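*Asks:* here is a sequence with its predicted model. Questions after.
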Amino acid sequence: MTHTHPSYSDKRSIIPDSTNPRTIYLMLLTLILSYIPVSAANHSSRINSLIEECKSAVDGRRYSNAAKKGEELASAGNSEGDSVAFMLGLCYKVNALISSQDTTDYLSDINTIKVMYPAFKKNGNKEAAAKMAQTLGKYNHLVHNAYSQSLQYYLDALKIHESTKNDIETIADLSLIAVIYLHKQEPSGWDYAIKAYNKAKDIRHMPSIYITAANMANYLCNNRDFQGAITHIKEAFEIADILHYDTERTYLNTFLGSAYESTGQSTLAEKYYKVAMKISEGTTPSDIAYAGIKYAIFLKSNGRYQEALDITKNVESIANRFHFTTFQAQLYPLVSECHEALGNYRMALDYQRKYMDVNKRIMTEEKEREFSILDLRYRISEEKRINAAQSIDLLNRKRQRDAILAIAIILLLSGIVSFIYYRKRMSSLKTIVRHHLENAESEKRLKEKYESIISRIPEPTKKQTSLDNDRMTQIYTGLETLMNEDKVYRQSDLSLEKAATMLNTNRTYLSQVVNEKAGSFTSYVNRYRLQEAIEILSDPKNTESLKSIGISVGFSSPSNFYTLFRQKMGMSPSLFRENVRNLSGKD
């Protein structure tokens, strides 16, 4: 669990209302600004002072003060005609409200930032554009759990801050990206976390060290390096004391309690959990819920079911009020298990149903796919950006007409190369599919011949006391019969033990036979599943969904089916089916 919890989600739309006069005005202004550069950051002394006050309030985690100063900055920018100051003020205000989980309605401010962002990104002040990207990223991330959209905004901010050598904001961007990966439980986020931590230590900026140390602790906990995590939590604790981050104590004490519990130090764990439950004024609802859930889990694991239920009442109230779906997903099975242990079976069933409902809402496959694609695109573009940094720097010194011409040529060449590569790739994939279809009948005949040979192998005439070659052959023949005739591989829960029971042998013998003759049991079974899936997809008239095919042949999840199919055939199931249908149409 990270400091900025992913569970805050009131599901308010950030799509601008096209019927709102203010929105129409902003859209017209955006169109104008796309051709006219936004004013440079030549602020008045009053506005400069307000900007510094906003930064100081954010560093001190005084979010209510930051929201107030942001409102003042926006008002001052509006009255002085300073568009950059106006946008910075809105961003500081919205950022503070999101971080403190304030329920104040800031939707109109978000809409303003969203509508104006393209113009600022294209022609505007870099500081304002980066702050707008950061704000939109936080809104999508912490309010809507829209990871792919938030990651794109964070990357935009990171690119600007790195180009302007703004180390403090670069650390903030890296940390936010690391938190996204942490929420997605993607280990690749470790690179961002450690880069942010090292940079924070280099510039000795205490607020940055605090948040990066907390992120490091989270990643170390995920890697089960609890002692390393405890070291970083204590480091964050020391900084929190120095900077008077009193509202962070609930989170830090809970984190320490969880780490000590993981190392088996129950007494120390409960000590910190109890301290965490003493809530300071200004503590965010997510930190309060986090503390309650962790302590309740601890109590349940120690058989103190009623105490755990007493604590979860407050947590459930907070989770429902703020739509903390992530906390609800942890809370409901916990409450269900406690009621079951106390004999309250009706309540246990009710909470189990609640858990099933909320679990469906947390994340769709489409969001997962979008995130993976976006991450891949970013890695490729980042590598190109690093390699071409010097060329881009020289290109920016040329006249705009030459720059546009050069970019157009690059895009044209890239398009030609991409088109050629695409044609070759598609041709290669069609060749693979064609060969598969041409050899399918031959493979079928070979399989029938092999099965005929196996069927003629005589059964052993006496009980074997050890696993000799005859017994191994008998077991393997029986296993092949189960696969080819009974098609037991279609059972998604098929295990080595279950197969051994079907063959009237034991797990050890069957494991030895499979390892010597066919590799691991899992890969052996998956080969049959893939083979049937390929046969189904080789029929151009088949219209069954890919998900249904994967389940019907025994895969426990669509993602497992897609991954193994791609490894075997070098392409996705959908692309394989498309090529089969194309080839069938030509025939």
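*Replies:* Great, that's in hand.

*Asks:* in the protein, where is pLDDT below threshold?
*Replies:* Scanning the chain for pLDDT under 70 picks out the ranges 1-41, 103, 360-401, 403, 417-467, 586-587.

*Asks:* can you pull out the helices in the stretch 251-400 of the chain?
*Replies:* Along the stretch 251-400 of the chain, counting by DSSP state H, counting those that start in this stretch, helices occupy 266-276, 285-301, 305-321, 325-341, 345-362, 365-387, 389-395, 400-455.

*Asks:* what helix or strand is the residue nearest to residue 125 when sequence neighbours are not counted on?
*Replies:* Once flanking residues are discounted, residue 125 sits nearest to residue 84: 4.4 Å by C-beta to C-beta, 6 or more residues apart in numbering. Quick note: C-beta positions are derived from backbone N, CA and C, even for glycine. For residue 84, the element it lies in under DSSP states H and E is helix 83-100.

*Asks:* what is the orientation angle of that helix with helix 285-301?
*Replies:* With axes from the mean of the first three to the mean of the last three C-alpha atoms, to 10 degrees defining the directions, helix 83-100 sits at 20 degrees from helix 285-301.

*Asks:* from the contact counts, what lies against helix 83-100?
*Replies:* With contacts taken as 3 or more C-beta pairs under 8 Å, 6 or more residues apart in numbering; DSSP states H and E, helix 83-100 sits against helix 45-59, helix 63-80, helix 107-123, helix 126-138.

*Asks:* give the buried residues for the longest one.
*Replies:* Taking 16 or more other C-beta atoms under 10 Å as the basis for neighbour counts, the residues of helix 63-80 that come out buried are 63, 65-74, 76-77.

*Asks:* looking at those residues, spot the one nearest residue 570.
*Replies:* residue 63 (51.4 Å; C-beta to C-beta).

*Asks:* need the contact list for the closest residue to that closest one other than its chain neighbours.
*Replies:* Among residues not flanking residue 63 along the chain, residue 100 sits closest, at 3.8 Å (C-beta to C-beta, 6+ apart). With contacts defined as C-beta atoms under 8 Å, 6 or more residues apart in numbering, residue 100 is in contact with 63, 64, 67, 282, 284.

*Asks:* thought the second one was touching residue 96?
*Replies:* Going back to what we said before, that points to residue 64. Yes - using C-beta atoms under 8 Å, residue 64 makes contact with residue 96 at a distance of 7.3 Å.

*Asks:* what do these two both touch?
*Replies:* residue 102.

*Asks:* quick one, phi/psi of the residue nearest the centre of the chain?
*Replies:* Against the mean C-alpha coordinate of the chain, by C-alpha atoms, centre = their mean, the closest residue is residue 184 at 2.7 Å. The phi and psi values for residue 184, taken as degrees, to the nearest 10, are phi -80, psi 0.

*Asks:* and the angle for the helix holding residue 84 with helix 107-123?
*Replies:* Taking the same axes, to 10 degrees, one finds that helix 83-100 is oriented at 130 degrees with respect to helix 107-123.

*Asks:* number of nearby residues for the residue nearest to residue 125?
*Replies:* Residues near residue 84, counting by other C-beta atoms under 10 Å, number 24.

*Asks:* would you mind measuring from it to residue 531?
*Replies:* Per C-beta to C-beta, to the nearest Å, residue 84 is found 63 Å from residue 531.

*Asks:* wait, residue 203 touches residue 167, no?
*Replies:* Yes - contact criterion C-beta under 8 Å: residue 203 and residue 167 qualify, at 5.1 Å.

*Asks:* list the contacts of the closest residue in space to residue 190 that isn't next to it in sequence.
*Replies:* Closest residue to residue 190 apart from its sequence neighbours, by C-beta to C-beta, 6+ apart: residue 219 at 5.2 Å. Applying C-beta under 8 Å, 6+ apart to residue 219 gives the contacts 178, 182, 187, 189, 190, 193.

*Asks:* follow-up on the earlier one: am I right that the residue nearest to residue 125 is in contact with residue 128?
*Replies:* Yes - counting by C-beta under 8 Å, residue 84 touches residue 128, with 4.6 Å between them.

*Asks:* so residue 109 sits against residue 96, correct?
*Replies:* No - here residue 109 does not reach residue 96: they are 11.4 Å apart, not a contact under C-beta under 8 Å.

*Asks:* looking at those two, which is more packed in?
*Replies:* More crowded of residue 109 and residue 96, by other C-beta under 10 Å: residue 96, with 26 against 21.

*Asks:* gap between the more buried one and residue 576?
*Replies:* Separation of residue 96 from residue 576 (C-beta to C-beta): 51 Å.

*Asks:* check residue 289 too.
*Replies:* Here residue 289 is placed at a distance of 46 Å from residue 576 (C-beta to C-beta).

*Asks:* who's more crowded, the two?
*Replies:* Between residue 289 and residue 576, counted using other C-beta under 10 Å, residue 289 has the larger neighbour count: 28 against 24.

*Asks:* go ahead and confirm that one touches residue 319.
*Replies:* Yes - assessed by C-beta under 8 Å, residue 289 is found in contact with residue 319 at 5.8 Å.
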